[in-house]
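1. Could you look at this predicted model? Sequence included:
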Amino acid sequence: MGLDPFLLAPVLFLGLWSSGFICIKIGLAYADPLTFLALRYVCVLALLAPVLLVVRPRLPRGREWGDLIVVGLLIQFGYFAGCYLAVEFGLSAGGLALITSLQPILVALLAPRFVGGSVGGAQWAGMALGLAGAGVVIVSRAAVGQVTALGIGFALAALAGMTAGALYEKQRGAAHHPLSAIAVQYGVGLAATLPLAFLIEPMRIAWTAPLLGALAYLVLANSLIAVSLLLAMIRRGAVARVSALFFLVPPTAALIAWGLTGERLAPLGWGGMALAAAGVAVAARG
């Protein structure tokens, strides 16, 4: 029997998603947050357009349009705009990763009520280990640093958006064609972000090599590949188990920063990564 390619999806998702926090920080040095996010959505839709013309996926029908709009607002606007604004208002990439890694706890609390099923003792134990491990990594890097109330507030808004989006996608998303679904959702993200950027920002963009590199990574790796993997894993697996992967985002981000920039991780941080990985393994088996 061959190896199921889907088994590699969590590993690929973690690498792509965790790297995105670093690229957001780089990009916001050269562009306003909502303007940068709107630019990202424009590029994503420009790449999707010829694919949609060739593949011609089934278009949403009736109530499906409303479902996709809701998910688009929750994830593409609520989560991503919250993340960009949190970094803009002083929250470090590591602090943002830690706050959004609380999502599995919220999903575990809410999933039985909204999408059925139950969360057992093993899953709760795994989530506790995962949260503890993520916290150890961030503390070891002293990554939370100086924060503001606005930065924390936007991070909490991002956390709420992703949690609600994951639950809604699990409940209503299975019938949608993936290509048409992400196209509609990114269109909704652009429609919500661009007017707001126009109203409250000078729409500053400095066209530098770092900005273009960060934008290219966020468009291709984060928006097209990682988000598609996330939605596919939510539809295929138990939503609480999939969300437990977010506990590995802060440790993975620390590992990527160490590999790319030489930022050293204390021995305590490596122990935290091992603890978070153990927690996700326990939650997935629970």
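-> Structure received. Residues are numbered from 1 along each chain as shown.

2. okay, CA-based contacts and neighbour counts for the rest of this
-> Noted.

3. Now do the helices in the stretch 51-200 of the chain.
-> Secondary structure of the stretch 51-200 of the chain (DSSP state H, counting those that start in this stretch): helices at 63-71, 80-88, 93-100, 103-114, 121-141, 149-172, 178-200.

4. Include mean neighbour count when you put these into a markdown table, please.
-> Shown next, in a markdown table, are the helices of the stretch 51-200 of the chain (neighbours: other C-alpha atoms under 10 Å):
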| stretch | mean neighbour count |
| --- | --- |
| helix 63-71 | 18 |
| helix 80-88 | 25 |
| helix 93-100 | 25 |
| helix 103-114 | 19 |
| helix 121-141 | 22 |
| helix 149-172 | 22 |
| helix 178-200 | 19 |
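
5. so which of those helices gets nearest L275?
-> Taking C-alpha to C-alpha, helix 121-141 is the member of these nearest to L275, at 4.7 Å.

6. Distance check, D67 against V188.
-> 12 Å (C-alpha to C-alpha, to the nearest Å).

7. what's the answer for W270, then?
-> To V188, W270 is 40 Å away according to C-alpha to C-alpha.

8. do L229 as well
-> 19 Å.

9. now do R58
-> Distance of R58 to V188, computed by C-alpha to C-alpha: 18 Å.

10. hang on, the earlier thing: may I see the helices of the stretch 51-200 of the chain organised as CSV, with mean pLDDT and distance to L212 added?
-> Below are these laid out as CSV (pLDDT from 0 to 100; distance: least, C-alpha to C-alpha, whole Å):
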stretch, mean pLDDT, distance to L212
helix 63-71, 87, 28
helix 80-88, 92, 17
helix 93-100, 74, 19
helix 103-114, 69, 30
helix 121-141, 72, 28
helix 149-172, 84, 24
helix 178-200, 92, 19
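
11. now for those helices, which one comes closest to I24?
-> Proximity to I24 (C-alpha to C-alpha) singles out helix 80-88 among the helices of the stretch 51-200 of the chain, at 6.9 Å.

12. re earlier: compare the helices of the stretch 51-200 of the chain and give me the one nearest L45.
-> helix 178-200 (6.7 Å).

13. other SSEs contacting that closest one?
-> helix 33-55, helix 63-71 (3 or more C-alpha pairs under 8 Å, 6 or more residues apart in numbering; DSSP states H and E).

14. Can I get the last one in PDB, CA atoms only?
-> Think helix 63-71. Coordinates of each C-alpha in helix 63-71 appear next as PDB, following Å, rounded to 0.1, in the frame of the first residue of the first chain:
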ATOM      1  CA  ARG A  63     -27.500  29.500   0.100                       C
ATOM      2  CA  GLU A  64     -23.900  28.300  -0.700                       C
ATOM      3  CA  TRP A  65     -23.100  31.900  -1.600                       C
ATOM      4  CA  GLY A  66     -24.000  33.100   1.800                       C
ATOM      5  CA  ASP A  67     -22.000  30.400   3.500                       C
ATOM      6  CA  LEU A  68     -18.900  31.300   1.500                       C
ATOM      7  CA  ILE A  69     -19.300  35.000   2.200                       C
ATOM      8  CA  VAL A  70     -19.600  34.300   6.000                       C
ATOM      9  CA  VAL A  71     -16.400  32.200   6.000                       C
END
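
15. That one vs helix 149-172, what angle?
-> Interaxial angle, helix 63-71 versus helix 149-172 (axes from the mean of the first three to the mean of the last three C-alpha atoms, to 10 degrees): 160 degrees.

16. how distant is helix 63-71 from the center of its chain?
-> In terms of C-alpha atoms, centre = their mean, to the nearest Å, the centre of helix 63-71 is found 20 Å from the chain centre.

17. Check the first one too.
-> Mean C-alpha position of helix 33-55 versus that of the full chain (C-alpha atoms, centre = their mean) differs by 17 Å.

18. Stretch 45-62 now?
-> Distance of stretch 45-62 from its chain centroid, counting by C-alpha atoms, centre = their mean, is 23 Å.

19. out of everything not next to it in sequence, what's closest to P202?
-> D32 (7.7 Å; C-alpha to C-alpha, 6 or more residues apart in numbering).

20. List the residues that contact the one you found.
-> E201, P202, M203, R204, I205 (C-alpha atoms under 8 Å, 6 or more residues apart in numbering).

21. These, buried ones only, as a PyMOL selection?
-> The PyMOL command for the buried members of the contacts of D32 (criterion: 16 or more other C-alpha atoms under 10 Å) is given here:
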select buried, resi 203+205
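
22. got the contacts of D32 as JSON lines, with distance to L131 and secondary structure columns?
-> Output for these, formatted as JSON lines (distance: C-alpha to C-alpha, whole Å; DSSP: H, G, I helix; E, B strand; the rest coil):
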{"residue": "E201", "distance to L131": "35", "secondary structure": "coil"}
{"residue": "P202", "distance to L131": "38", "secondary structure": "coil"}
{"residue": "M203", "distance to L131": "37", "secondary structure": "coil"}
{"residue": "R204", "distance to L131": "37", "secondary structure": "coil"}
{"residue": "I205", "distance to L131": "36", "secondary structure": "strand"}
